[in-house]
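Undergrad: Using only what follows, build the 3D model:
(one chain, ligands or ions: 1)
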Amino acid sequence: NIHLIEKPPHEHDALIATLPHEPVYERPFSIGHPLRLYKGVWIAEKMLRGTLVMQQCFKSCPTDIFLASFPKSGTTWLKAMAFSTLTRTKCSLDKHPLLTHNPHQCVPYMELQFATGRRQIIDVIPSPRLMSTHLPYFLLPDSIKESSCRIVYIWRDPKDVLISAWHFAQKILGGPDKMATFDQFYEFFCQGLYSFGPIWNHILEYWEESKRRPEKILFLKYENILQEPVKYAKQLAHFIGCPFSESEENQHVVEQIVELCSIKKMKDFDVNKDGDLVTSSTNVHISKAYFFRKGEVGDWKSHMTQEMAERLDTLIKEKFEGSGLQI
Ligand code: A3P
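TA: Residues are numbered from 1 along each chain as shown. The predicted structure follows:
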């Protein structure tokens, strides 16, 4: 609603201007907004503006549910699954809002709402509020970390995240000849230079926190969900406080939700075929279709050399060492 929009925040611009800037190359590798290094994390300037305001004023409720992820790790899918699960008694699956709205329109992305002056949208979400974030755990507002609200985190093999990110950037920047080469993109990613990077810290922090507080953070892996979607849909429903009843299970409601949210189905909905996701005060056009590509495991094999794959695997293994987490 237009009347909900206020001016985008600029109160932290002086601080942001002092932060290290992404390296400037002939062709861009990040999408639209320069990245700044804030407390060891690369964040697009605009999202950092939103983050800093959010840290100051966001108050979470114990019933809130946050979907957290590193970009290109399955956020869109998790949003669809959580939203359809949570709303299943209010909206029948054959007339569901996901048939006419992109998942990103159903579950607001927190940093973006704060960055674009739409924070009031968050206040009007019916309880339990379902919201998403790409922030690393340590940058979440204290009220999220300290309250009893829940967080669902999705992660994915970083090699496939990198490939997905590469394709996403190409679409936004206008093709491979308008951006850094794949080799450069790979090098940047391995240096942690991607929105909300480095990826290894992002994953590890949520992992450690989920071990410490399993009742607060559900830690899910994209590849596992692809393999056993029904099992993880049930786990997700249970964690977000709306488990499937025996009667629902007998009526195959879980399978229907999994089907509704499958990439094959979602890609085919008219709403996801074209049209931009509207983000005021930005010159970046992100089409809804960009969020649905292959949705497979191991697409890195068609883009990376064996040497590149091994190098990234070794880097991640070293970072994960001792954590009990494996790719
Ligand atoms: P690929 O580029 O490997 O195909 P995010 O939603 O975090 O931006 O992640 C995007 C990735 O998730 C893309 O991966 C996209 O195709 C995949 N994806 C989107 N919707 C999906 C769905 N319903 N099921 C499985 N994967 C999905």
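
Undergrad: Who does residue 150 form a beta bridge with?
TA: Residue 150 forms beta bridges with residue 65, as assigned by DSSP bridges.

Undergrad: surely it meets residue 66?
TA: Yes. Using C-beta atoms under 8 Å, residue 150 is in contact with residue 66, at 7.3 Å. For the C-beta atoms, the positions are set from N, CA and C on the backbone; glycine is no exception.

Undergrad: how many other residues sit next to residue 34?
TA: Residues lying near residue 34 (other C-beta atoms under 10 Å) number 14.

Undergrad: which bits of this protein sit near the ligand?
TA: 69, 71-77, 80, 160, 164, 167, 261-263, 266, 291-295, 299 (C-beta under 6 Å from any ligand atom).

Undergrad: one more time with 5 Å, if that's ok
TA: 72-77, 164, 263, 266, 292-295 (C-beta under 5 Å from any ligand atom).

Undergrad: Buried only: go through those for me.
TA: For the residues of the chain next to the ligand, a burial check counting by 16 or more other C-beta atoms under 10 Å picks out 72-77, 164, 263, 266, 292-293, 295.

Undergrad: all strands for the protein, in order.
TA: 35-38, 41-44, 65-69, 130-133, 150-155, 217-221 (DSSP state E).

Undergrad: Any chance of the ones you listed in TSV with mean pLDDT and mean neighbour count as columns?
TA: Rendered in TSV, the data for the strands of the chain read as follows (pLDDT from 0 to 100; neighbours: other C-beta atoms under 10 Å):
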stretch	mean pLDDT	mean neighbour count
strand 35-38	96	20
strand 41-44	96	23
strand 65-69	98	25
strand 130-133	98	23
strand 150-155	98	24
strand 217-221	98	21
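
Undergrad: okay, these in JSON lines with distance to residue 234 next?
TA: Below are the strands of the chain laid out as JSON lines (distance: least, C-beta to C-beta, whole Å):
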{"stretch": "strand 35-38", "distance to residue 234": "38"}
{"stretch": "strand 41-44", "distance to residue 234": "33"}
{"stretch": "strand 65-69", "distance to residue 234": "16"}
{"stretch": "strand 130-133", "distance to residue 234": "18"}
{"stretch": "strand 150-155", "distance to residue 234": "14"}
{"stretch": "strand 217-221", "distance to residue 234": "12"}
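
Undergrad: ok, back up a step: now flag whichever of the buried ones among the residues of the chain next to the ligand is closest to residue 108.
TA: residue 75 (12.3 Å; C-beta to C-beta).

Undergrad: excluding its backbone neighbours, what's nearest the closest one?
TA: Closest residue to residue 75 apart from its sequence neighbours, by C-beta to C-beta, 6 or more residues apart in numbering: residue 69 at 4.5 Å.

Undergrad: Bridged to that neighbour, which residues?
TA: Here residue 69, judged by DSSP bridges, has bridge partners residue 154.

Undergrad: Test my guess that it contacts residue 154.
TA: Yes. Between residue 69 and residue 154 there is a contact at 4.8 Å, judged by C-beta under 8 Å.

Undergrad: any residues in contact with both of those two?
TA: 75, 78 (C-beta atoms under 8 Å, 6 or more residues apart in numbering).

Undergrad: What about residue 99, how many residues nearby?
TA: Residue 99 has 16 nearby residues by other C-beta under 10 Å.

Undergrad: For stretch 211-224, output the C-alpha coordinates as PDB.
TA: Written as PDB, here are the backbone C-alpha positions of stretch 211-224 (Å, rounded to 0.1, in the frame of the first residue of the first chain):
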ATOM      1  CA  LYS A 211      23.300 -26.900  18.100                       C
ATOM      2  CA  ARG A 212      23.200 -24.600  21.100                       C
ATOM      3  CA  ARG A 213      19.500 -23.800  20.800                       C
ATOM      4  CA  PRO A 214      17.700 -26.500  18.600                       C
ATOM      5  CA  GLU A 215      14.400 -25.200  19.800                       C
ATOM      6  CA  LYS A 216      15.200 -21.800  18.300                       C
ATOM      7  CA  ILE A 217      16.900 -22.700  15.000                       C
ATOM      8  CA  LEU A 218      15.900 -25.400  12.600                       C
ATOM      9  CA  PHE A 219      18.900 -26.000  10.400                       C
ATOM     10  CA  LEU A 220      17.900 -27.400   7.000                       C
ATOM     11  CA  LYS A 221      19.900 -28.500   3.900                       C
ATOM     12  CA  TYR A 222      18.600 -27.800   0.400                       C
ATOM     13  CA  GLU A 223      19.900 -31.100  -0.900                       C
ATOM     14  CA  ASN A 224      18.200 -33.100   1.900                       C
END
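
Undergrad: What lies in contact with that stretch?
TA: So stretch 211-224 is contacted by 73-74, 77-78, 148-157, 160, 206-207, 209-210, 232, 235-236, 239, 297, 324 (C-beta under 8 Å, 6+ apart).
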